[in-house]
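1. whatever this is, show me its structure:
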Amino acid sequence: GRHTQPSHMPVFADTDTVLTDNEKEAAKDMIASLQNFETTFDIREYNVLSGNAQNFFQSFFSLLQNEHPEIFYLENISLGTNNQNILTFTYSMTDDEIKENQKLIDNECKKIVSTIPKDASDFEKTLIVHDYITSHYEYDTSYQIRTLPDTVKEKKCVCQGYSYLFMHIMNNYLNIECTSVPSIECNHMWNKIKIDGKWYNVDVTADDPTPNMSTYTNHSSFLLSDEDIKTVSPSLHSVWNDTQWDGTPAITAESDDYNDSVVRSASNVAVMDGKIYCFDSDNNLCTLDAENNTLTPVYTASTDYIWFVYGNHYPCYKLSYSAIVTYNNKLYFNSPNKVFEFDPATNTATEIYEYTDEPDVSETYLYGLAVKGTKLCAEYSTNPNSGVNELITIINDPTISYSSNITKNDNGTYTISVTPNIETDDTPILYVAEYDGEGQLIGIKLGENQNVDGKLIITAESPKTDNFKLMLWDKTNNPIINAISDIH
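-> Model prediction:
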């Protein structure tokens, strides 16, 4: 039979073919079939092969490639030799490999979404996901990594990977409508997202420039109209495909509602206790009130920081290079030579690290902070224009932060689903700490009936509150988990 492969299609290809309703239905049902790992598909009833089958398949691969990064395992589609109406799907992975990759993607998406406050607006959700990706991922200068699983595994990718991850989280975890914007002429891909009924462009790749450094991430291609994104890095956005996969006109973004957003000139954000923190253009550490579009300074000593050119005490850089990050439920930021822990309750900073290896060289060494796996790292550089020379480990806490959901069962027990799955050879001991509405500790219970298969079942009387903190120790009293949960 004839084979047709997604990999043979030019990346970002535009399609002139306008599909019939039958053809659209066939394409969508084929997607559903692939999502269910089916190996054959009967296309007879859709009556699509009587027309130009090649055009139909090209449109289908455009749909697959641009809108369904979660189907990363299709190798090719072949038409039956005896019966052309039966399509055969060949997969590039075994069922177990597909499921393993899906679990990896799901864990990462849940981890990212778990950083979003409960009452966040769609704007805040979009901002937090955008900033999480730009601060935890980097551009792949070898131009190899583009699929969703490879992106999540390597934490680096080209533009498709950024676009796929952002779109996958928005559509499937936050229920915010998001699509991809492929440009065959610019050889680039970004996203369009719908907030409060209006479409905007978001280019996560462009907002995470190279060389990879946490303080270079920005919001210059965040929530822009079509007209405005053309003026931001024109080489990436001068023109894009004017049709969607099915031949209908591409979605247009006309609103400039967020052009004067205060985040436009702010650093990447970090979230703690439901508040969003960032540095403003004067290097004040601020909280963001997105609804009123204001930044309120909570720590101002950081405005005095000066980043000198390496080896000099003059000249200095115009820019500031303080980054604020969340690491194991605490906030940290950097000065030119120190790292501080910030206490949101008192708005005070405590020094936890000072760089002293080269005491006489300009006192300027640190150009940002990054979380790498279990480590909080400071970005050491002798020249910010050439990126990070070395990542200095400030803290390495192997306690993994898990996100969890608590479901109340009819029989008075609670099921705690933990993400990612807990993998330990030891029999853990589960404690459940209960808090009242004011955050005061009411009591700690020992959990029973643990079943460490990603789900922990605790038998507890009806709790007095909806606020739990879940803590898990191994037998040697080393913490394995520290996750805050709400009953859902």
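
2. C-alpha only now, for contacts and for neighbours.
-> Fine.

3. got the buried residues for the lengthiest helix in the chain?
-> In the chain, with assignment by DSSP state H, the single longest helix is helix 95-113. Residues 98, 101-113 are the ones in helix 95-113 that count as buried (16 or more other C-alpha atoms under 10 Å).

4. what's the average pLDDT for it?
-> What helix 95-113 shows for mean pLDDT is 94.

5. show me what that helix is packed against.
-> Where contact means 3 or more C-alpha pairs under 8 Å, 6 or more residues apart in numbering; DSSP states H and E, helix 95-113 is packed against helix 122-136, helix 148-154, helix 159-173, strand 413-419.

6. which one of the ones you listed lies closest to Ser50?
-> Ser50 sits nearest to helix 159-173 of all the helices and strands packed on helix 95-113, at 33.2 Å, using C-alpha to C-alpha.

7. pull the residues that contact that closest one.
-> With contact meaning C-alpha atoms under 8 Å, 6 or more residues apart in numbering, helix 159-173 is reached by 67, 69-70, 109-110, 113, 126, 129-130, 133, 139, 145-148, 151, 176-180, 188-191, 203-205.

8. SS state for Thr296?
-> strand (DSSP: H, G, I helix; E, B strand; the rest coil).

9. so it makes contact with Cys286?
-> Yes. Between Thr296 and Cys286 there is a contact under C-alpha atoms under 8 Å: 5.0 Å.

10. excluding its backbone neighbours, what's nearest Lys156?
-> Distances taken as C-alpha to C-alpha, 6 or more residues apart in numbering put Glu138 closest to Lys156, at 4.6 Å, once the chain neighbours are dropped.

11. just the strands from the stretch 1-150 of the chain, written as ranges.
-> Remark: strands assigned in the stretch 1-150 of the chain by DSSP state E, counting those that start in this stretch are 3-4, 40-42, 74-79, 86-91, 138-139.

12. distance to Met213, mean neighbour count and mean pLDDT for those strands - can I get that in a markdown table?
-> A markdown table is the format used below for the strands of the stretch 1-150 of the chain (distance: least, C-alpha to C-alpha, whole Å; neighbours: other C-alpha atoms under 10 Å; pLDDT from 0 to 100):
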| stretch | distance to Met213 | mean neighbour count | mean pLDDT |
| --- | --- | --- | --- |
| strand 3-4 | 41 | 15 | 49 |
| strand 40-42 | 47 | 17 | 94 |
| strand 74-79 | 35 | 17 | 93 |
| strand 86-91 | 37 | 19 | 95 |
| strand 138-139 | 9 | 23 | 96 |
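
13. got CSV for the buried residues of helix 95-113, with distance to Ala345 too?
-> Below are the buried residues of helix 95-113 laid out as CSV (distance: C-alpha to C-alpha, whole Å):
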residue, distance to Ala345
Ile98, 45
Asn101, 40
Gln102, 39
Lys103, 36
Leu104, 35
Ile105, 34
Asp106, 33
Asn107, 30
Glu108, 29
Cys109, 29
Lys110, 27
Lys111, 25
Ile112, 24
Val113, 24
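
14. in the protein, which residue is closest to the centre?
-> The centre of the chain sits closest to Ile133, judged by C-alpha atoms, centre = their mean, with a distance of 4.2 Å.

15. quick one: that one and Leu127, what's the gap?
-> Separation of Ile133 from Leu127 (C-alpha to C-alpha, to the nearest Å) stands at 10 Å.

16. I'd like the distance between Arg44 and Tyr317.
-> For Arg44, the distance to Tyr317 - C-alpha to C-alpha - is 66 Å.

17. neighbour-wise, which of these two wins?
-> Remark: of Arg44 and Tyr317, Arg44 carries more neighbours, 15 against 12, as counted by other C-alpha atoms under 10 Å.

18. apart from its neighbours in sequence, what residue is nearest that one?
-> Using C-alpha to C-alpha, 6+ apart, the closest residue to Arg44 is Asn85 (5.1 Å).

19. that neighbour and Val48: what is the separation?
-> 9 Å.

20. go on, Thr17?
-> From Thr17 over to Val48 the distance is 13 Å, taken as C-alpha to C-alpha.

21. ditto for Ile77
-> From Ile77 to Val48 the distance is 15 Å (C-alpha to C-alpha).

22. same question, Gln65
-> 20 Å.

23. over to Ser33?
-> 17 Å.

24. identify the bridge partners of Leu366.
-> Using DSSP bridges, the bridge partners assigned to Leu366 are Tyr380.

25. contacting residues around it?
-> Taking C-alpha under 8 Å, 6+ apart as the contact definition, Leu366 lies against Tyr321, Asn334, Ser335, Pro336, Asn337, Lys338, Ala378, Glu379, Tyr380, Ser381.

26. and the residues you listed, which of them are buried?
-> Buried among these (16+ other C-alpha under 10 Å): Tyr321, Asn334, Ser335, Pro336, Asn337, Lys338, Ala378, Glu379, Tyr380, Ser381.

27. next, format these as TSV and append pLDDT and distance to Glu38.
-> Formatted as TSV, these follow (pLDDT from 0 to 100; distance: C-alpha to C-alpha, whole Å):
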residue	pLDDT	distance to Glu38
Tyr321	97	51
Asn334	98	51
Ser335	98	55
Pro336	97	56
Asn337	97	57
Lys338	98	55
Ala378	98	47
Glu379	98	47
Tyr380	97	50
Ser381	97	51
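
28. nearest to Leu369, of those?
-> Out of the buried ones among the contacts of Leu366, the member with the shortest distance to Leu369 (by C-alpha to C-alpha) is Ala378, at 4.5 Å.

29. same list, the contacts of Leu366, but as CSV with distance to Ile352 please.
-> Conversion of the contacts of Leu366 to CSV gives the following (distance: C-alpha to C-alpha, whole Å):
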residue, distance to Ile352
Tyr321, 18
Asn334, 10
Ser335, 12
Pro336, 14
Asn337, 11
Lys338, 8
Ala378, 12
Glu379, 15
Tyr380, 16
Ser381, 19
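
30. closest one of those residues to Asp360?
-> Asn337 (11.7 Å).

31. I'd say that closest one and Asp357 touch.
-> No. Look at Asn337 against Asp357 with C-alpha under 8 Å: they stay out of range, at 10.4 Å.

32. just to revisit the earlier point, between Gln65 and Val48, who's got more neighbours?
-> Gln65 (25 against 20).

33. any idea how far the more buried one is from Val18?
-> Where Val18 is concerned, Gln65 sits at a distance of 18 Å (C-alpha to C-alpha).

34. what do you get for Thr205?
-> 30 Å.

35. who has more neighbours, these two?
-> Just comparing Thr205 and Val18: by other C-alpha under 10 Å the higher neighbour count belongs to Thr205, 27 against 18.
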